[in-house]
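1. Here is my input, please return the structure:
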Amino acid sequence: MEYEAVIGLETHVQLKTKSKMWCGCPNEFGAEPNTNVCPVCLGLPGVLPVANEEALRLTALTGFLLNCTIPRSAKFDRKNYFYPDMPKNYQITQYDQPSTANGYVEFEFDGGISRVRITRAHLEEDVGKNFHFERHSGVDFNRAGVPLMEIVSEPDITSAEMAYAYLNALKDILVYGGVSDCDMEKGMVRCDVNVSVRPQSQQELGAKIEIKNMNSFSGVRRALEYEIPRQIDVVRKGGKLSQETRRWDDIACVTETMRSKEMAHDYRYFPEPDLMPFVPSAEWLEEVRRRVVELPLAKKRRFMTDYQLPATDAETFVKDVPLGEYFETMARKSKNPKAIANWVINNLRAKMAESFTALAELKFKPEHLLELLGLVESGKISSRIAQEVFAEMFASGQSPNDIVQSKGLAQVSDTGAVEKFCDEAIAANPKSAEDFRAGKAAALNFLKGQVMKLSKGKANPNLVGEILERKLR
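-> So this is what the prediction gives:
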């Protein structure tokens, strides 16, 4: 019997706000332990939370980016549990009335476009962080109260690779939209995995196994690559899987049992009495909607369609947004956007990396790159000379025309002058001339190289080829 995996992901994302969810403490990474805290985020008696409006905006923006419905009313709830990193002994979250619901993410996978449905993206608060030492433990509450959004997918994912592709697509959308920096090294994105297996012909889901607190997308992929075969092996041998929570050991590359799964009612959810339900106005939602940006997949498709770029070039500009915007300022004015893309990706990007130069620090104007391309296409300079002109343009900021004129780099297209160079090359290399006449086509390229050497790279290469062939035949 063949088995299939059914996977749903719960992705927790810290929002890009200046302050925490319920108080004015800074939302920042790397501060000394327990320095970004106050009575509110420490849960001291008598304090009252005040919702961070930017966090509410970013959650609604996420709803728009993920094709979700934005309900006319949302409320906050208390999720009760005791744990050392939760100072109030409850977490303020959203339960039955979240800020967004019923969306989807589309992404490239396995040669096509896949879609994973989004159940909800709800707003809550992050918890502190436990530290365990040799003889004692400690808690840093700097992270407690940071705005946290939980994005829950439907169980539409069928493999470890698909989960990895979905998570990367989701991250790209959130970064593009300015919702979160999604820096995994700073703990801004964490993921819980829900996975079960079932016979391929069966509609009923198998026992759901949760793998908690994955802090890297590659870790999610590795955990699923282990857990799916483990579950299949259990059921094939006649064993029974029970709902439970497991942890991933990234060193041993195995999942291990943590506890039997707690049901939702164990948390004793009830409406947060200190916060009114949130009822966004049409004007407020329209203001948020104006912050919606073009999504990565849509941008890639547009670059391929509008500028006839191959997928690899379009992907480069999607991943590097400033570079893509720089390219597009010139591509709109050019009849040959592919040539512009080649110069930006192969030459400009390499030169910037080599010299540690940012786009804002470039000495030349974008129009100069268009001018350089025009010189090549018109035959005024060769591609080799263009490289030399570009290096000077990058260093000095001078226009290509000025560099070509001041250095005498204009391409030689005078037939008489080129014929003279060709005659010299043929006379100096009679063996190569005979080889070409004998049918060895590669000999012509050698002679072309000799002509270009004699002309110091200035001879028009197309004219060189025509004259050599004529003379040798």
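2. Pull the distance from the helix or strand bottoming out on mean pLDDT in the chain to the chain's centre.
-> The helix or strand of the chain with the poorest confidence is helix 461-472; it has a mean of 80 (mean pLDDT, DSSP states H and E). Relative to its chain's centre, helix 461-472 lies at 49 Å (CA atoms, centre = their mean, to the nearest Å).
3. next one: stretch 312-328
-> 12 Å.
4. can you check stretch 361-373 too?
-> 27 Å.
5. Pull the residues that contact that stretch.
-> Residues from elsewhere that reach stretch 361-373 (CB atoms under 8 Å, 6 or more residues apart in numbering): 326, 329-330, 333-334, 336, 339-340, 343-344, 348, 352, 386, 389-390, 393-401. (Each C-beta comes from the backbone N, C-alpha and C, glycine too.)
6. Could you list the residues in contact with the least confident helix or strand of the chain?
-> Helix 461-472 is contacted by residues 379, 382-383, 413, 415, 418-419, 421-423, 425-426, 433, 436-437, 444, 447-448, 451-452 when judged by CB under 8 Å, 6+ apart.
7. Likewise for stretch 420-430?
-> 433, 446-447, 450-451, 454-455, 459, 464, 467-468, 471-472.
8. In space, what's closest to the residue most central in space within the chain - neighbours in sequence excluded?
-> What sits nearest the mean C-alpha location of the chain, by CA atoms, centre = their mean, is D172, with 3.8 Å. The shortest distance from D172 to any non-neighbouring residue, by CB to CB, 6 or more residues apart in numbering, is to P296 (4.6 Å).
9. you'd agree that neighbour is up against D320?
-> No - look at P296 against D320 with CB atoms under 8 Å: they stay out of range, at 11.5 Å.
10. give the contact list for N336.
-> The neighbourhood of N336, defined by CB under 8 Å, 6+ apart, consists of 373, 377.
11. strand partners of the helix or strand containing F131, parallel vs antiparallel please.
-> Element membership for F131, per DSSP states H and E: strand 129-132. The pairing partners recorded for strand 129-132 under DSSP bridges are strand 137-140 (antiparallel).
12. Give the buried residues for the top strand by length along the chain.
-> The longest strand of the chain (DSSP state E) is strand 112-125. The neighbour-count check on strand 112-125 (16 or more other CB atoms under 10 Å) flags 114, 116-125 as buried.
13. Over to stretch 72-83?
-> 74-79.
14. List the buried residues for stretch 372-388?
-> 372-373, 375-376, 380-382, 385-386, 388.
15. thinking again about what came up before, could I get the buried residues of strand 112-125 in a markdown table, plus columns for distance to G178?
-> Putting the buried residues of strand 112-125 into a markdown table (distance: CB to CB, whole Å) gives the following:
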| residue | distance to G178 |
| --- | --- |
| S114 | 25 |
| V116 | 22 |
| R117 | 24 |
| I118 | 19 |
| T119 | 23 |
| R120 | 21 |
| A121 | 15 |
| H122 | 19 |
| L123 | 16 |
| E124 | 20 |
| E125 | 21 |
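16. Max pairwise distance over the residues you listed: which two?
-> S114 and E125 (32.0 Å; CB to CB).
17. What helices and strands are in contact with the helix or strand in which V195 is found?
-> Using DSSP H and E, V195 sits within strand 189-199. Strand 189-199 sits against strand 3-14, helix 160-176, strand 209-214, helix 217-236, with contacts defined as 3 or more CB pairs under 8 Å, 6 or more residues apart in numbering; DSSP states H and E.
18. Please, where are all the strands along the protein?
-> With DSSP E as the criterion, the chain has strands spanning 3-14, 77-80, 90-93, 100-109, 112-125, 129-132, 137-140, 147-153, 189-199, 209-214, 244-249, 254-260, 270-271.
19. can you tell which of these is closest to P33?
-> Counting by CB to CB, P33 lies closest to strand 137-140 out of these; the figure is 4.0 Å.
20. the more surrounded of P296 and D320?
-> P296 (21 against 16; other CB atoms under 10 Å).
21. so L375 sits right up against S383, yeah?
-> No - in this structure, L375 is not within contact of S383 by CB under 8 Å, at 10.4 Å.
22. before we move on, the earlier item: so the residue nearest to the centre of the chain touches V293, yeah?
-> No - if you go by CB under 8 Å, D172 and V293 don't touch, sitting 11.3 Å apart.
23. quick one: contacts for F82?
-> Counting by CB under 8 Å, 6+ apart, F82 has contacts N89.
24. from here on, count from 22
-> Sure thing, new numbering starts at 22, so read that last one as F103.
25. Check what pLDDT it gets.
-> On pLDDT, F103 comes in at 86.
26. Ok, the one 5 residues further on next?
-> Model confidence at P108, expressed as pLDDT, equals 89.
27. Please apply the same query to S40.
-> 97.
28. and Q264, what is it in contact with?
-> 228-230, 281-282.
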